[in-house]
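Participant: Based on what follows, work out the 3D shape:
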Amino acid sequence: MTITLAVSDDDIARCYPIMRELRPAIAEVEFVARIRVQEDTGYRLAIGEDHGVAVAAAGFRLGENLAWGRYVYVDDLVTSSAHRSKGHGRELLAWLVEFAQREGCDELHLDSGVWRKDAHRFYEREGMEMTSYHFKTDLRVPS
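Facilitator: Here you go, the predicted model:
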């Protein structure tokens with residue numbers, strides 16, 4: 001698998017069918033524009049291709065804070081359901097770790113929904129550990 005940063009609008013658009021599997025509420029017509037907005041705050045999108053076919057994608061950002069030092073935070077990590085169990089997720093996660101190391105990061109972090117048991121097994125199998133709970137408050141006004 002070849003992994004590169006999605007730079008052009010076409011690169012980003014090729015990630016949509018994969019990302020839709022993780023983020024189904026995002027409409028295709030708004031996908032590229034939403035990625036471009038997130039890029040303003042440091043978001044980057046990596047695309048994994050197998051023989052020219054997009055099979056995996058990861059959205060991530062560099063950051064620094066008191067708790068973790070310099071880090072990579074993975075917002076989105078997904079392999080197309082048609083291409084799972086072929087090592088693509090492992091390769092993409094390894095690429096993210098190598099990217100973080102090249103950037104001088106101390107840690108790599110991600111959150112995963114509590115219902116995503118298969119993903120949790122994958123992360124643990126890849127050497128990640130569960131270290132916290134994530135809490136939220138919905139601030140949207142009910143309609």
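Participant: Tell me how far the longest strand seen in the chain lies from the chain's centre.
Facilitator: Longest strand in the chain, counting residues (DSSP state E): strand 53-65. Per C-alpha atoms, centre = their mean, to the nearest Å, the displacement of strand 53-65 from the mean C-alpha position of its chain is 4 Å.
Participant: number of nearby residues for Arg34?
Facilitator: 14 (other C-beta atoms under 10 Å). Quick note: C-beta positions are derived from backbone N, CA and C, even for glycine.
Participant: Which of the helices or strands spans it?
Facilitator: Assigned by DSSP states H and E, Arg34 belongs to helix 28-39.
Participant: mind listing what's buried in that helix?
Facilitator: Phe31, Val32, Ile35 (16 or more other C-beta atoms under 10 Å).
Participant: What average pLDDT does the next helix or strand after it get?
Facilitator: As assigned by DSSP H and E, the chain's next helix or strand after helix 28-39 is strand 44-50. What strand 44-50 shows for mean pLDDT is 97.
Participant: do stretch 98-106 as well
Facilitator: Mean predicted lDDT for stretch 98-106 stands at 97.
Participant: In it, which residues are buried?
Facilitator: Buried residues in stretch 98-106 (16+ other C-beta under 10 Å): Phe99, Ala100, Cys105.
Participant: ok so, going back, relative to strand 44-50, how tilted is the longest strand of the chain?
Facilitator: 150 degrees (axes from the mean of the first three to the mean of the last three C-alpha atoms, to 10 degrees).
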